[in-house]
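Peer 1: next comes the sequence, and after it the predicted model I'd like to discuss.
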Amino acid sequence: MSTATIGSKRTSSATRVDLRSQVASVGRGWSTALHRLLGLVAELDGSGQWALDGARTCAHWVATVLDVEVATARERLRVGHSLERLGGIDAALGAGRISCSKARLLTRYATAASEAELLEIAQRTPAGRLAVEIARWLTGHETPEQTDERQHEARSLTWRTVVDELKQRCWTCHRARHRGEGA
C-alpha cells in the first residue's frame, strides 16, 4: 500500500480514497439540502410568515435565522423564486445534475424559452467556465438592443450604514453600447 504526506500527516492510499469519497458524498448532501432550502425560503416569502417575528423583510428574517448576510439571503430568495418558474433547472439541481453554483448563474439569464438550451450548456461545462459560455451564448442569441435592455435592468444602486456611520455605496453600471452613448 502506498503512502503520502499531506501536511504533516502520513496517510495511506486507502485513506485518501476514503476522504475523496467522503468529500463527494458530503458535497452531494449539501447541494441537496441547499436545493431544499431555496424552495423553502421562496415558499416562506410567499406565505408572509416571516412577518410574524417582526422582521422587515423575508430576507432579513432568513439572514437572522441562518446567520448570513442580508445580501446572501436576498440571493437565496432570488434563486428560490427563479426555480419556481424554471422547472428544468429546478429538477436538474434537485437530481444533482447541476451544482448550486450553476443554478445560481443560470437563474440570472434563463427564461422559459432559453432554459433547456442553457441547461444543456451548464451540464457539459465546468462551473468555473459557465459564465464565459453563457456570455458566448448570449452574444449569438441577443440583439444589441436586447443586450442594452438586459444590462439596463441589471443596474443597481444600494447603500448601507457601516460601523463608522458612513454610508457605503455600490453602483453597478454597464457601459451603453451600440447606441453611441457612454465611453
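Peer 2: Received the coordinates, thanks.
Peer 1: quick one: the most centrally placed residue in the chain from A73, how far?
Peer 2: Nearest residue to the geometric centre of the chain (Cα atoms, centre = their mean): R104, 2.5 Å. Per Cβ to Cβ, to the nearest Å, R104 is found 14 Å from A73. Just so you know, the C-beta spots here come from the backbone N, C-alpha and C atoms, and that holds for glycine as well.
Peer 1: thinking again about what came up before, pretty sure the residue nearest to the centre of the chain is touching G80, no?
Peer 2: No. Taking Cβ atoms under 8 Å as the definition, R104 is not a contact partner of G80, at 10.6 Å.
Peer 1: where does the spatially closest residue to I134 that is not a sequence neighbour land on pLDDT?
Peer 2: Setting aside the residues directly before and after it, I134 is nearest to Y109 in space (Cβ to Cβ, 6 or more residues apart in numbering), at 5.6 Å. Looking at Y109, its pLDDT is 93.
Peer 1: now do whichever helix in the chain runs longest, average pLDDT.
Peer 2: Ranked by residue count under DSSP state H, the longest helix found in the chain is helix 13-47. In this model, helix 13-47 has a mean pLDDT of 89.
Peer 1: which secondary structure element of the chain has the lowest mean pLDDT?
Peer 2: Each helix and strand of the chain was given a mean pLDDT (mean pLDDT, DSSP states H and E); the minimum falls on strand 167-172 at a mean of 52.
Peer 1: low-scoring pLDDT stretches of the protein, where are they?
Peer 2: Counting by pLDDT under 70, the chain has low-confidence residues at 1-17, 156-183.
Peer 1: swap the cut-off to 90 and go again
Peer 2: Applying pLDDT under 90 to the chain flags the ranges 1-18, 24, 28, 140-183.
Peer 1: can I see the domain layout of it?
Peer 2: Taking automatic domain parsing as the domain assignment, the ranges for the chain are 3-143, 144-183.
Peer 1: let me see the backbone angles for I98.
Peer 2: When quoted as degrees, to the nearest 10, the phi and psi of I98 stand at phi -130, psi 160.
Peer 1: re earlier: winner for burial among the domains of the chain?
Peer 2: Mean neighbour count (mean count of other Cβ atoms under 10 Å) peaks for domain 3-143 among those, with a mean of 15.
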